[in-house]
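Q: Coordinates for the following, if possible.
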Amino acid sequence: MKNKPRNIEPPESPIIISLEQAIRERRSVHYFKRGSRIARAQWRTLFELTSLSPSSFNFQPWDFVIIEDEARKRALRPLCMNQQQILDAAAIIGVIGDKNPHRRDRAILQQFVNNGYFDTGVRDAYLGAVDMLYPDEGRRIEHAVGGASLAAMTLMLAAQGMGLATAPLIGFDVRAVTAFLGVPRDYLVVMLIAIGHSALHELPRQQRRPFQEIVHQEHFGHAPE
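A: Numbering: from 1, shown residues only. So this is what the prediction gives:
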């Protein structure tokens, strides 16, 4: 019998498990099956779901760079503390935050008018409010990181639901990776996500802090009833 060809794209995977199961089973995977691929249709489904993430004013301050080429992954790895996931995963996703909340503000706020949320007077008031909410570089970084991080979590849960494994990575040379990905100055690289198929070599999940420790009632330090 002839050997099966490698790197054949699998068929599209719909969401195959419940949201609760995806949350409970999602892991930051350390070991990926080398040589696996993600189909074009899977990418489209994954990012259509990711795009439904919440954001301030619905400004959607996120972009994504997919790196699948083996030579590109080999070049990226030294910039990421030589983490093996960079090579073994089917792809690396650069999660990019947008520091310019004005980039699409007029068009997006007009959508609120078109969809009946408010009138043009409120739209114009919100246009001015953006400057008050994001007056300086620090607040604009918060806007970019917060929005892109929400999208990244949606992406990882959607991937889990599609039978894919992920690992968020923050161990990398920010300046070097920014240049490697060609990210403009008014954007920033929030994280990288390794994505592919798990090699099923993971150790047991690390314990999480219990309900009584992480939840506070009315004031910080007050135990919930």
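Q: So what does residue 191 look like in phi/psi?
A: phi -170, psi 170 (degrees, to the nearest 10).
Q: For it, give its distance to residue 202.
A: 20 Å (C-beta to C-beta, to the nearest Å). (C-beta placed from N, C-alpha, C; glycine too.)
Q: which of these two has more neighbours?
A: Comparing residue 191 with residue 202 by neighbour count (other C-beta atoms under 10 Å), the higher total belongs to residue 191, at 18 against 13.
Q: Next, the contact list for that one, please.
A: Applying C-beta atoms under 8 Å, 6 or more residues apart in numbering to residue 191 gives the contacts 95, 148-149, 152, 168-170.
Q: Just the ones of those in strands?
A: Among the contacts of residue 191, DSSP state E puts 95, 168-169 in strands.
Q: Identify the residue nearest the geometric centre of this structure.
A: residue 152 (1.8 Å; C-alpha atoms, centre = their mean).
Q: In space, what's closest to that one - neighbours in sequence excluded?
A: residue 95 (4.8 Å; C-beta to C-beta, 6 or more residues apart in numbering).
Q: I'd guessed the one you found sits against residue 53; true?
A: No. Residue 95 lies out of contact with residue 53 (C-beta atoms under 8 Å); the separation is 11.2 Å.
Q: what's the overlap in contacts for those two?
A: 62, 151.
Q: Compare neighbour counts for those two and give me the winner.
A: Taking neighbours as other C-beta under 10 Å, residue 95 and residue 53 compare with residue 95 leading, 23 against 18.
Q: And the strands in this protein?
A: 62-67, 91-98, 165-169, 187-196.
Q: closest one to residue 212 among those?
A: Judged by C-beta to C-beta, the one of these that comes nearest to residue 212 is strand 165-169, at 27.2 Å.
Q: Show me what that closest one is packed against.
A: helix 85-88, helix 137-161, strand 187-196 (3 or more C-beta pairs under 8 Å, 6 or more residues apart in numbering; DSSP states H and E).
Q: Show me the helices in the chain, by range?
A: For the chain, the helices defined by DSSP state H occupy 19-25, 40-50, 70-76, 85-88, 105-114, 120-133, 137-161, 174-181, 211-214.
Q: Which of those helices has the highest mean neighbour count?
A: helix 85-88 (a mean of 21; mean count of other C-beta atoms under 10 Å).
Q: Relative to the whole chain's centre, how far out is that helix?
A: 18 Å (C-alpha atoms, centre = their mean, to the nearest Å).
Q: same check, this time on stretch 66-81
A: On C-alpha atoms, centre = their mean, the centre of stretch 66-81 falls 18 Å from the chain's centre.
Q: average pLDDT for it?
A: The predicted model assigns stretch 66-81 a mean pLDDT of 98.
Q: for stretch 161-175, same thing?
A: Rounded mean pLDDT across stretch 161-175 is 97.
Q: Please name the spatially closest residue to residue 172 (chain neighbours excluded).
A: Once flanking residues are discounted, residue 172 sits nearest to residue 80: 4.2 Å by C-beta to C-beta, 6+ apart.
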